[in-house]
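Trainee: What would the 3D arrangement of this be:
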Amino acid sequence: MCTRYGVVRAGEAAFLYLVQLQHLEQTERWIDTELTLLRERAARRPLPEGPALILSYLREGGRAVADSIHLGGCRMAAKHT
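Mentor: Sure, this is the predicted structure:
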């Protein structure tokens, strides 16, 4: 196999591949953790007052999910079944 470091043997190539794969998996876990924290913070954030477009959040399985839309004092939401 030829890499930017030159020619490597098959065993070294497999090792480099596993290291890269492990790094990608760690990065994915970090991104998932950060997104979960951001969703939780958004769910705890108080709704601002006044005429504005505001998303209301409902916790489902530990994640914040958009539940309804507020336009000023009017709340529009889909029927829950």
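
Trainee: Every contact and neighbour count from this point should use C-alpha atoms.
Mentor: Will do.

Trainee: in this protein, what spans have low per-residue confidence?
Mentor: Low-confidence segments of the chain, defined by pLDDT under 70: 1-8, 46-81.

Trainee: how many other residues sit next to A14?
Mentor: 13 (other C-alpha atoms under 10 Å).

Trainee: tell me which element it falls in.
Mentor: Using DSSP states H and E, A14 sits in helix 10-44.

Trainee: Quick one: list the elements packing against that helix.
Mentor: When contacts are defined as 3 or more C-alpha pairs under 8 Å, 6 or more residues apart in numbering; DSSP states H and E, helix 10-44 packs onto strand 53-60, strand 63-71.

Trainee: buried set for it?
Mentor: 39-40, 42-43 (16 or more other C-alpha atoms under 10 Å).

Trainee: Using JSON lines, please lay out those residues together with distance to Q26.
Mentor: JSON lines is the format used below for the buried residues of helix 10-44 (distance: C-alpha to C-alpha, whole Å):
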{"residue": "R39", "distance to Q26": "20"}
{"residue": "E40", "distance to Q26": "21"}
{"residue": "A42", "distance to Q26": "24"}
{"residue": "A43", "distance to Q26": "26"}
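
Trainee: which one among those residues gets closest to R9?
Mentor: R39 (45.1 Å; C-alpha to C-alpha).

Trainee: any idea how far E25 is from D32?
Mentor: Counting by C-alpha to C-alpha, to the nearest Å, the gap between E25 and D32 amounts to 11 Å.

Trainee: Mind listing the shared neighbours of these two?
Mentor: Shared contacts of E25 and D32, defined by C-alpha atoms under 8 Å, 6 or more residues apart in numbering, are absent.
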